[in-house]
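> Next input, structure requested:
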Amino acid sequence: MSVRSHDPQPAQAATRRATQAWERADARLAGAIDDLFLPDDSRLDDRVRARVTHILSAMVAGIEIDLRRHAARVLAGTGDTARAEALLEHGDVFARLARAGLLRDVDLLDEILARVRMDLIAEALPVTLVARDAPSLLIRLTEVPDGLVARTASALLVAQNRRQAANDAGSAEPSALPADVQHRLVWRVAAALRGGDDAEVDRAIAQAAMRSLAAYDEDDRPEGGAMRLARAVDARPAELAPLLLEALGDRSLTLFAAILAHALAMDHDQLRAMVVEPEGERLWLALRAVSLDRETIARIALALSEADPRRDIEAFADRLDAIAAVPAEAARAALAPFALDRDFRAAMAVLARSERR
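Numbering: from 1, shown residues only. Here you go, the predicted structure:
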């Protein structure tokens, strides 16, 4: 039977494809325009972009595999092998989440971006910052007589090795995100696994997601381990400078941030944000707030500038005397708002803007 020349189905399909192509072209143009007018300090370089994309895709893939396997076991346990086998077939979960905008999560991307920048800076830090023949600071802390310090140092070493092994393998560590961010990502991946309206499959996926979240332990993250170690060490003011320099010399930027965060009664993520800022304004205030002297601040700034090409060491040198002259109490007062809970600060900012109108 011949196909009629005016068959509406091929015409409708062609119109739909043309409309979709038009929409894609518009989206590409909008993206190109946004990128064109991005300020230089907001633009991601190729290394950061590649690592962020890799980590994000590895996190989604890790959660996807875990949920598929357990949901399939749930279905197979009821004798529903057909649905179980279908669920084990990998689909386009990452692409579906990206298209829906569900990966444009500020907290998720903030965490990954900060971690990537910390890793890149740490990898490039000069190892000659401190001269010594002894083992690294973290190794030495695992051997001290204080049992609490030794245990927390050992736990941090294990967490760091686990993250490094995951990075080397191109996978994602099981506990890589703050708990609230992990919770949202697991449920979003779970939603993207659905192939249609099927109550049995939905129940199996939901069981798998709840199992995944129940097994999640935020304390396994190196950031949490570093903060526990900093609290256990509880460095005295006179001990801060050598500890911070040794942590940098070991390329342990996470421990550096934790020691300083504990001294300032801040969270690790608040201090980490200061460390990765190329301008360094808040970091220099933080170093003055714990009464570090001019020479120590200069050594830290020089090490960070060698590791991070975004930093302007000449501009810092011009301001070093002014930075060193800031009284510790004034520095602490200037940083006080940043030590508050992030949600508290966000709410205060919204209220302040509304009251200025």
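> which stretches of this structure aren't confidently modelled?
Across the chain, the ranges flagged by pLDDT under 70 are 1-8, 130-132, 174-175.
> after the lengthiest helix in it, next one along is what?
Criterion DSSP state H: the longest helix present in the chain is helix 46-77. Next along the chain after helix 46-77, taking DSSP states H and E as the criterion, comes helix 81-87.
> which secondary structure elements does that next one contact?
In terms of contacts (3 or more Cβ pairs under 8 Å, 6 or more residues apart in numbering; DSSP states H and E), helix 81-87 is packed against helix 46-77, helix 199-215. The way it works is simple: take the backbone N, C-alpha and C, and place the C-beta from them, glycine included.
> Can you give the distance of the longest helix of the chain from its chain's centre?
Helix 46-77 has its C-alpha centroid displaced from the chain centroid by 16 Å (Cα atoms, centre = their mean, to the nearest Å).
> Mind listing what's buried along it?
Within helix 46-77, the residues scored as buried using 16 or more other Cβ atoms under 10 Å are 48, 51-52, 55-64, 66-68, 70-76.
> cool, and stretch 154-161?
154, 155, 156, 157, 159, 160.
> Would you mind giving the secondary structure of the first one?
Using DSSP: H, G, I helix; E, B strand; the rest coil as the criterion, the local structure at residue 154 reads helix.
> That one reaches residue 143, doesn't it?
No. With contact defined as Cβ atoms under 8 Å, residue 154 does not reach residue 143; the gap is 9.4 Å.
> still on that earlier bit, between the helices and strands packed on helix 81-87, which one is closest to residue 316.
helix 46-77 (22.0 Å; Cβ to Cβ).
> What is the closest one packed up against?
helix 81-87, helix 93-100, helix 106-124, helix 179-193, helix 199-215.
> Would you mind finding the most buried of the ones you listed?
Compared across those, helix 179-193 shows the largest average neighbour count, a mean of 19 (mean count of other Cβ atoms under 10 Å).
> what's next to it, contact-wise?
By Cβ atoms under 8 Å, 6 or more residues apart in numbering, the residues outside helix 179-193 that reach it are 59-60, 63-64, 67-68, 71, 87, 91, 93, 96-97, 100, 102, 105, 107-108, 111, 175-177, 205-206, 208-209, 212-213, 216, 218.
> relative to helix 199-215, how tilted is that helix?
160 degrees (axes from the mean of the first three to the mean of the last three Cα atoms, to 10 degrees).
> what about helix 179-193, distance to the chain center?
Using Cα atoms, centre = their mean, the offset of helix 179-193 from its chain centre is 16 Å.
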